[in-house]
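# have a look at this prediction, sequence included:
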Amino acid sequence: MRLIDLFKTKKPVISFEIFPPKLDMPLDSIYDKLEDFKKLKPDFISVTYGAGGSAKDRTIEIASKIKKDYKIESMAHFTCVGHSKEEIDSLIDSLENEGLENVLALRGDPPRDQPDFDFSKNVYQYASQLIEHIKKRSNLCIAAAAYAEGHVDSPRIKDDLINLKNKVDTGVDFLVTQLFFDNRIFYDFLDRAISLGITCPVTPGIMPVFRADQIKRIASLCGASIPAQLVIIMDKYGGNPDDMLKAGIEYACMQIQDLIDNGVDGIHLLTMNRAKSTRKILENLNLLQK
């Protein structure tokens, strides 16, 4: 199923993001968790792609298994970092051969051992170029990333929004945002996007605070701000993992409920592969599908 068709018929679309196990870990470690995620009946599950394309084969394999064996629609992350045109074409062929219909097309992160990676040396330097190539070569449904606070490499939010509009016009079916912790930032971003003529569905990416140190590190990498209310919560409970988990779930529920009340197209939960905590969030919000 092309996910854009789902967005046309349901609101909000509830989806999860999971990541493949490290290359030195067996794939069974994620398949065991998928059994638990299946019970939560998400509308779809996206599978991330390692930095520098390090887990691309696992991404496709897991996405294929989610669709074929677990009967859940899936979306494979797809980046252009470090890939030749031939490799990109081969990946497109692999997706289609596996019966996959949806991709999240991204520029991608540099390899972990190359922090000064030169993106200009890629065959495609920007996600918009990858999207254009995928659109010409396949009938895949294409999602793309949006950054409510602007991309960390963009000097001005205004320029980032113009780049987003160009990306959407290239052939994007729907958008998934980078994580954010203040809904006011998302609403302001949405107003600006609409004013530029971006009319495709936009589903916010929500990352619950399961661990304070983890969130601080992730936020610093992607340029997400942490509002004062959440800083106080992390300072208060960060030293106690159990209390931090409970408080993080409560904050995520508050954030998601407000988004749903304001009519968002979907909620994309960045689960960190935590099925039990994801279930708790859905239960608290009465979002578990029968």
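Done, it's in. Predicted model only: the values in this text are computed from it and were never measured.

# what helix or strand is the closest residue to residue 274 other than its chain neighbours located in?
Closest residue to residue 274 apart from its sequence neighbours, by C-beta to C-beta, 6 or more residues apart in numbering: residue 210 at 6.3 Å. Using the backbone N, CA and C atoms, a C-beta is placed for each residue, glycine as well. In the assignment (DSSP states H and E), residue 210 maps to no helix and no strand.

# one more: residue 59?
helix 56-68.

# so for that helix, what gets flagged as buried?
Using 16 or more other C-beta atoms under 10 Å as the burial criterion, the residues of helix 56-68 that qualify are 56, 58-67.

# re earlier: how much space separates the residue nearest to residue 274 from residue 103?
According to C-beta to C-beta, to the nearest Å, residue 210 stands 27 Å off from residue 103.

# compare those two (neighbour count), which wins?
Neighbour comparison, residue 210 and residue 103: the larger count goes to residue 103, with 28 against 17 (by other C-beta atoms under 10 Å).

# which pLDDT does the model give the nearest residue to the more buried one once chain neighbours are set aside?
Spatial nearest neighbour of residue 103, chain neighbours left out: residue 78 (4.4 Å); criterion: C-beta to C-beta, 6+ apart. In this model, residue 78 is scored at 93, pLDDT.

# which helix or strand contains residue 78?
strand 73-79.

# list the buried residues of that strand.
73-79.

# list the neighbouring strands of it plus their orientation.
Next to strand 73-79 in the sheet, as set by DSSP bridges, lie strand 44-47 (parallel), strand 102-106 (parallel).

# from the buried residues of strand 73-79, pick the one nearest residue 227.
Nearest to residue 227 out of those is residue 77 (C-beta to C-beta; 27.5 Å).

# for the closest residue to the closest one other than its chain neighbours, what are its contacts?
Using C-beta to C-beta, 6+ apart and skipping residues adjacent in sequence, the residue nearest residue 77 is residue 49, 3.9 Å away. Residues in contact with residue 49 (C-beta atoms under 8 Å, 6 or more residues apart in numbering) are 55-56, 59, 76-79, 106, 108.

# same question for residue 170.
128, 131-132, 135.

# can you report how many residues neighbour residue 8?
Neighbours of residue 8 under the rule other C-beta under 10 Å: 11.

# A helix includes it, no?
Yes - assessed with DSSP: H, G, I helix; E, B strand; the rest coil, residue 8 lies in a helix.

# what ranges do the strands span in the stretch 151-290 of the chain?
In the stretch 151-290 of the chain, the strands defined using DSSP state E, counting those that start in this stretch lie at 174-177, 202-203, 205-206, 266-270.

# follow-up on the earlier one: against which helices or strands is the helix holding residue 59 packed?
Using 3 or more C-beta pairs under 8 Å, 6 or more residues apart in numbering; DSSP states H and E, the elements in contact with helix 56-68 are helix 28-39, strand 44-47, strand 73-79, helix 85-97.

# what about the residue nearest to residue 244 when sequence neighbours are not counted, how many neighbours?
Setting aside the residues directly before and after it, residue 244 is nearest to residue 237 in space (C-beta to C-beta, 6+ apart), at 4.3 Å. Using other C-beta under 10 Å, residue 237 has 18 other residues around it.
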